[in-house]
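Engineer: Next comes the sequence, and after it the predicted model I'd like to discuss.
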Number of protein chains: 2
Amino acid sequence: MKDTYPEAGWENGVLRVHIRDPFWDPLREIIRVNAIPYQWQALNDAVPGAEPSGCLRNFRIASGAESGEHCGYVFQDSDAAKWLEGVAYSLMFHPDPDLEAKADEAVNTILSAQQPDGYLNTYYTIQAPEKRFTNLRDNHELYCLGHLIEAAVAYHRATGKTALLEAAERYADLVDTVFGPEPEKKHGYPGHPEAELALVKLYAHTGKEKYLRLARYFVDARGTQPLYFPEEERRNGNGRYFFADGPLGYAYCQADVPVREQQEAEGHAVRAMYLYSAMADLARITGDAGLRAACRRLWGSTAEKRMYITGGIGSSSYGEAFTFDYDLPNDTVYAETCAAIGLVFFARRMLLLDPAGEYGDVMERALYNCVLSGMQLDGQRFFYVNPLEVLPEACRRDNAKRHVEFRRQAWFGCACCPPNLVRLLMSLGDYAYSVSGSRAYVHLYLSGEAELRLLGGVLRLECSTAYPWSGSIRYTLHTEAPMQAELALRLPAWSPEYVLFLNGKRAAPRPERGYLLLDRTWTEGDVLELRLDLRPRLYTASPRVPEDAGKAAVLCGPLVYCAEEADNGSELHRLSLDPGTEPVWDDSPDVPGNGKAVIASGWRDRDWPEGVAGLYRPWRGRDRERVRIRLIPYYAWANRSPGEMRVWLRLG
Amino acid sequence: MKDTYPEAGWENGVLRVHIRDPFWDPLREIIRVNAIPYQWQALNDAVPGAEPSGCLRNFRIASGAESGEHCGYVFQDSDAAKWLEGVAYSLMFHPDPDLEAKADEAVNTILSAQQPDGYLNTYYTIQAPEKRFTNLRDNHELYCLGHLIEAAVAYHRATGKTALLEAAERYADLVDTVFGPEPEKKHGYPGHPEAELALVKLYAHTGKEKYLRLARYFVDARGTQPLYFPEEERRNGNGRYFFADGPLGYAYCQADVPVREQQEAEGHAVRAMYLYSAMADLARITGDAGLRAACRRLWGSTAEKRMYITGGIGSSSYGEAFTFDYDLPNDTVYAETCAAIGLVFFARRMLLLDPAGEYGDVMERALYNCVLSGMQLDGQRFFYVNPLEVLPEACRRDNAKRHVEFRRQAWFGCACCPPNLVRLLMSLGDYAYSVSGSRAYVHLYLSGEAELRLLGGVLRLECSTAYPWSGSIRYTLHTEAPMQAELALRLPAWSPEYVLFLNGKRAAPRPERGYLLLDRTWTEGDVLELRLDLRPRLYTASPRVPEDAGKAAVLCGPLVYCAEEADNGSELHRLSLDPGTEPVWDDSPDVPGNGKAVIASGWRDRDWPEGVAGLYRPWRGRDRERVRIRLIPYYAWANRSPGEMRVWLRLG
């Protein structure tokens, strides 16, 4: 089965990706061994001491096999789907009959709850079957459809089994009879986008255009006048909209104006990313110029004005939302793990729509920093919010920072981030390559193999690298016969300097839009080595960002670094970096995850002398001592004793 | 009448204070002419376009003269009391028969609602007479008693009329029968402290010790086990305590542990200040050493670890409360005007308990900065929250800053701050002097006259100064006969350098605990001139304050300065101060309130060059231009076109 439905098969030309990477393998193995089994227990209400999820039980109640009330959130069904999707990717690179048997059991449980007309949502089936599709604004009914579809496609790719895919199609077919532009249909769309990108995926997987049409309808109808959600509220007495009075309004769910007219990344950051991902898919597939322009504009708004250096997005806990340009507070930040994952989804689709290095750079930035920070290195605990500056006392005692945790938490009541992380990391191969005609793009540098079908034939790339700890990335090319092809290697913006060797000799690739292009006839055993410069460097933010004025962060290649209390003592705000000294690698151990630490030269403000009381006094010159500031990769923070953390340190 | 009950008569020895001050007179006149009449209209529901207050109508309904429901907050009665108190102080220095007639009308309306047993609270009388004193935690019943007493004492001092004082005493007498240590009485205390300090005031005014005993009971019972409020909640089904689950708990209202055991300034900042004020009064009057130590400790916690440089207190909007040591965010700040006023109350009482310059310094800091910032210079609009850093866009779009306004607002629904400001500024003379034996203390420098009764006789000080715009303060002393007395002039910590002239010759006073002492025999016409150094200076915060690390503020004497967009353009975060250049006075006009501006030398970060896209890039050295940074007094901010404001600017 694995050859037919390879790990990276969702786009044309990428036949198979197999990761065997010293950086990613341990993390993926931890997920496989710990997180997936843990989540299985959670779905089955078998985690000792935890609130029952009720997820699989809900399906049994909806099927009539058990009795009781629906348990958990209205989107509880999606937990099972996300788990199945993660399992599917895991089975692709690590067959596991026991796990597959559990997954089959989950599939059967889900199927048992499907209604004769194809409807499949346990909340409404149990609680209010007559109210189906009457509160799209709040109740995630179509969001659950989306996750069901994504799970079904992945499970089909992984196992070839069709039952879940058929069920998902039947539900999608029902939804298609309910929603659409025809006068007799409802003119609504999902409150939380997700069905849109899933329907495109279902179209790509099955070739059935009706799913593409439905996705397009949902995207096109969104935000058009008269607005659907206020009408729906009036019609069904859905209760007052939570965000009606605040600064967000219907921009919270990107449903205030039509998508082609949306100028800025607004509202709930996860919803925004899921919507923009579907828009980018549709722009590519349909060639819609308006949609393409909107994607480009919303990308720019996100990545050039509203993104943390970690790839985190969503500056405010209120609505888990974007705020305004250059508003990037490091301490009251939201930067939800799911939102950074959504940014990876969006970037990936922009790479397919219009390949350019900037999308790959942002995808990599989000992946290696904000996304990865979401998981403890043992795979047992997770962050929902990913701050860039943490004072534990403030998390405990300042209400404006109470949403910020300084320790990762066990699986959440609203368990969106952990399984999202699981499904992304387990399908990482899907993000590394793409193919266009005779050109093969490499977006991410991962050890392992990729098999790509180009115009001229099949090319197999074998990659070996210690990236991101080393800038040396070595490819061995395999081809049955000499073959013309253009290889496009992403040249990250953080490494304007590079060297490329072809079979041991300096090569002169053509740089274009963030890629190094090498067009030639390849023969079996050709060796290509790219050397990037990932020495530690000080970075500054645009002078438009108030929060980071006068500050710098240390980056090494794609990795953002941070100072932790464990290495530097408390009161990290007293540290400042010496702009005249380059930071250097530090070979001493005690780096969580066995990464590399960095030593930067700087100062620490001294205490006021004994006898100077109070809080304020006239300036009497700097009083500080020289210190070595030790920094570790941001993704690895909060893996030792709890304490303070800062990404941005004062400069000078 | 004015001779019998002079403006500053509430403490022994200060017979009369008459302010004729070029800084304060215009502000007090604006209050007299604008704010007091405006509030009269508000109390009578006669402000066009505003929600009706219902305040005086509530009293008429409670009296049976009108029918209807109680309108407004449970503490609506206190609005009438605060207005009357402000009017009383105004009448002391500016007799006004029309205003006094309105005040008498208000008094009569209030009296009409008093019940036969002395009870006087319109909310309970109208809505639930059987539920009196059953929800002290939430319902401000005793808080209203406190304001009634303060109004009654002031009105008696101002007019000699006794009706309101008698009514307040009757209500206090009733409360005395309900609460106390005796087994048959209730063992509760006010949820919002205020009655305590008012009862001490009533004792001082009438000499009746029962009021002192009741105040002491309320203070002593507070926070003792078993806690009263949870018991009350259980007994009366009062509904779950709003702060039960958060970081505050009963510390919100300083009722978690007995007051003598309280270690840090905690909870709602206004409540804390009102409680500590009563504690300081009681410590002084009763000589209670435990209470005195608690006052000293809580003062230190407030002023040395939890106070903004403006004298603002309360770092968090959640609970309008203190958070933790050195947590002084400038943008998500609360710093309620009423809390700074409460700090003035507390400081004033610490000055009486144990005279030391630090209390006067903080009192002055709060008064000239956070308190005064609370009012627009035309007396028409008010701040509740007094931020030290404002980005208008953030107030509109970041939920963590939505409580921060960048324009003062018309009278509030919860109208606590404006009338509090009125009563403080109209009784400012009460804060300037105190007398201890043959020593006369001068705490505030105000032009005008003060008549002080010392051990050796009556001394009259005539003060002439352009303070705070000039550091020269000139006193002419008047005495009927040569008289031995010690004059104690506060030497502010911001002016370690000073010169003192006695009759034109350098004098050598004895410095002691923040005062300059001059002990001699004074004769009619002696002239004393103190010259303080209030040149502009850079100040820094303790290295323990994260928010202010690497930053400086400009102060001139007691005045904190700030940069506004109106003078410096937008994006104030791009400015940094040159630590090597002293700021200087600026004589150009356009300073709201006709104060003095300051020019500081500094830089402005340049935009990134065209073509550098995105948010982050490697550090390439400073790119900034020299600029003159114009600063105006903090209290005068937001009196021109709305825009950004910053007190703390980056240094270097």
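Structural biologist: Done, it's in.
Engineer: contacts, neighbours, all on C-alpha from now
Structural biologist: Noted.
Engineer: Tell me who's in contact with A:Thr162.
Structural biologist: Listed by Cα atoms under 8 Å, 6 or more residues apart in numbering or on different chains, the contact set of A:Thr162 reads A:His156.
Engineer: and the gap between it and A:Leu111?
Structural biologist: Using Cα to Cα, to the nearest Å, A:Thr162 is found at 12 Å from A:Leu111.
Engineer: Report pLDDT for the closest residue to chain B within the stretch 151-300 of chain A.
Structural biologist: Ranked by Cα to the nearest Cα, the top residue of the stretch 151-300 of chain A for proximity to chain B is A:Pro247, at 5.6 Å. At A:Pro247 the predicted local confidence, pLDDT, stands at 86.
Engineer: swap in A:Cys414?
Structural biologist: pLDDT, the model's per-residue confidence, is 54 for A:Cys414.
Engineer: Ok, A:Val344 next?
Structural biologist: Note for A:Val344: predicted pLDDT of 98.
Engineer: count of residues packed around it?
Structural biologist: By the criterion of other Cα atoms under 10 Å in any protein chain shown, A:Val344 has 26 neighbours.
Engineer: rewinding a little: wait, what's in contact with the residue nearest to the residue of the stretch 151-300 of chain A closest to chain B when sequence neighbours are not counted?
Structural biologist: Take A:Pro247 and drop its neighbours on the chain: the residue closest to it by Cα to Cα, 6 or more residues apart in numbering or on different chains is B:Arg397, 5.6 Å away. The contact partners of B:Arg397, by Cα under 8 Å, 6+ apart, come to A:247-248, A:323-324.
Engineer: which one among those gets closest to B:Ile31?
Structural biologist: Nearest to B:Ile31, judged by Cα to Cα, of the contacts of B:Arg397 is A:Pro247 at 34.6 Å.
Engineer: and that closest one, how many neighbours does it have?
Structural biologist: When neighbours are counted by other Cα under 10 Å, A:Pro247 registers 19.
Engineer: got it, and A:Pro37?
Structural biologist: A:Pro37 has 16 nearby residues by other Cα under 10 Å.
Engineer: roughly how far apart are it and A:Gln380?
Structural biologist: Distance from A:Pro37 to A:Gln380, counting by Cα to Cα: 11 Å.
Engineer: and what of A:Arg628?
Structural biologist: 32 Å.
Engineer: wouldn't A:His192 be in contact with A:Arg271 here?
Structural biologist: Yes - using Cα atoms under 8 Å, A:His192 is in contact with A:Arg271, at 5.6 Å.
Engineer: Now do the shared contacts for the two.
Structural biologist: Residues touching both A:His192 and A:Arg271 by Cα under 8 Å, 6+ apart: A:Cys253.
Engineer: What residue in the stretch 1-150 of chain A comes nearest to chain B?
Structural biologist: For the stretch 1-150 of chain A, Cα to the nearest Cα, closest residue to chain B: A:Glu51, 19.3 Å.
Engineer: Quickly find the element holding that residue.
Structural biologist: Counting by DSSP states H and E, there is no helix or strand that carries A:Glu51.
Engineer: Model confidence at it, what's the number?
Structural biologist: A:Glu51 is assigned 80 on the pLDDT scale.
Engineer: Near it, how many residues? Count them for me, please.
Structural biologist: By other Cα under 10 Å, 13 other residues sit near A:Glu51.
Engineer: From A:Tyr124, how far off is it?
Structural biologist: On the measure of Cα to Cα, A:Glu51 and A:Tyr124 end up 22 Å apart.
Engineer: Kindly indicate whether A:Ser570 is helix, strand or coil.
Structural biologist: Under the three-state scheme (DSSP: H, G, I helix; E, B strand; the rest coil), A:Ser570 adopts coil.
Engineer: And the closest residue in space to it that isn't next to it in sequence, how far from A:Cys395?
Structural biologist: What sits nearest to A:Ser570 in space, not counting adjacent residues and going by Cα to Cα, 6+ apart, is A:Glu644, at 6.5 Å. For A:Glu644, the distance to A:Cys395 equals 11 Å [Cα to Cα].
Engineer: Quick check: neighbours shared by the two?
Structural biologist: What both A:Glu644 and A:Cys395 touch, as defined by Cα under 8 Å, 6+ apart, is the set A:Phe406.
Engineer: Tell me which of these two has more neighbours.
Structural biologist: It is A:Glu644, of A:Glu644 and A:Cys395, that has more neighbours when counted by other Cα under 10 Å, with 23 against 19.
Engineer: What's the end-to-end length of stretch A:63-76?
Structural biologist: End to end - Cα to Cα - stretch A:63-76 spans 16 Å.
Engineer: Now the helix or strand encompassing A:Gln41: buried residues?
Structural biologist: Element membership for A:Gln41 (DSSP H and E) is helix A:36-43. By 16 or more other Cα atoms under 10 Å in any protein chain shown, the buried positions in helix A:36-43 come out as A:36-40, A:42-43.
Engineer: And the pLDDT for the residue nearest to A:Pro592 when sequence neighbours are not counted?
Structural biologist: Take A:Pro592 and drop its neighbours on the chain: the residue closest to it by Cα to Cα, 6+ apart is A:Ala636, 5.9 Å away. Reading off the confidence values, A:Ala636 has pLDDT 97.
Engineer: so who does the residue nearest in space to the middle of chain A touch?
Structural biologist: Centrality entry for chain A: nearest residue to the mean C-alpha point is A:Ile341, 0.9 Å, by Cα atoms, centre = their mean. A:Ile341 makes contacts with A:366-367, A:371, A:420-421, A:424, as judged by Cα under 8 Å, 6+ apart.
Engineer: so which of those is the most crowded?
Structural biologist: A:Val371 (33 neighbours).
Engineer: looking at this, that one is in a helix?
Structural biologist: Yes - the assignment for A:Val371 by three-state DSSP puts it in a helix.
Engineer: quick one: it from A:Leu425, how far?
Structural biologist: Taking Cα to Cα, one finds A:Val371 at 9 Å from A:Leu425.
Engineer: gap between the two ends of stretch A:645-652?
Structural biologist: 19 Å.
Engineer: and stretch A:637-650, how far apart are its ends?
Structural biologist: Using Cα to Cα, one end of stretch A:637-650 lies 19 Å from the other.
Engineer: Go through it and flag the buried ones.
Structural biologist: Buried residues in stretch A:637-650, counted by 16+ other Cα under 10 Å: A:637-639, A:642-650.
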